[in-house]
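Chemist: fold the following.
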Amino acid sequence: MKNKIEDLRDHLFATLEALQDQDTPMDVGRAKTISDVAQTIINSAKVEVDYLNVTGAVGGSGFIPDSPRSDTPKLTVAGKR
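Modeler: Here you go, the predicted model:
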């Protein structure tokens, strides 16, 4: 599936790079629009995560990976594993 969170990150970093381009910087209005759309997508993903947490459902739309990558560090609460 295309349009995953990694793709959104790539677009946002490309926008940041385009804004910093000294020769042909991206129009600030266009960058603001990209940022606004990205925020809407992020808010939608937060609702999806909340839904999964409340219902105990597994899976989702595929925007956020179903399982962590193998190189993702394990988080622990102090004194617990």
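
Chemist: so is the nearest residue to residue 60 once chain neighbours are set aside in a helix, a strand, or just coil?
Modeler: The spatial neighbour of residue 60 that comes closest, neighbours along the chain excluded (Cβ to Cβ, 6 or more residues apart in numbering), is residue 48 at 5.5 Å. Quick note: C-beta positions are derived from backbone N, CA and C, even for glycine. Recorded secondary structure, residue 48: helix (DSSP: H, G, I helix; E, B strand; the rest coil).

Chemist: was I right to think residue 48 contacts residue 61?
Modeler: Yes. Using Cβ atoms under 8 Å, residue 48 is in contact with residue 61, at 6.2 Å.

Chemist: where do the helices sit along this structure?
Modeler: With DSSP state H as the criterion, the chain has helices at 5-20, 28-55.

Chemist: more neighbours: residue 48 and residue 61, which one.
Modeler: When residue 48 and residue 61 are compared for neighbours, residue 48 comes out ahead with 15 against 11, by other Cβ atoms under 10 Å.

Chemist: pLDDT score for the more buried one?
Modeler: According to the predicted model, the pLDDT of residue 48 comes to 87.

Chemist: which residues touch it?
Modeler: Shown in contact with residue 48 (Cβ atoms under 8 Å, 6 or more residues apart in numbering): 60-61, 63-64.

Chemist: and these as TSV, adding distance to residue 6?
Modeler: Written out in TSV, the entries for the contacts of residue 48 read as follows (distance: Cβ to Cβ, whole Å):
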residue	distance to residue 6
60	15
61	14
63	10
64	10
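
Chemist: just the buried ones from these?
Modeler: Of all those considered here, the ones buried according to neighbour count by 16 or more other Cβ atoms under 10 Å are residue 63.
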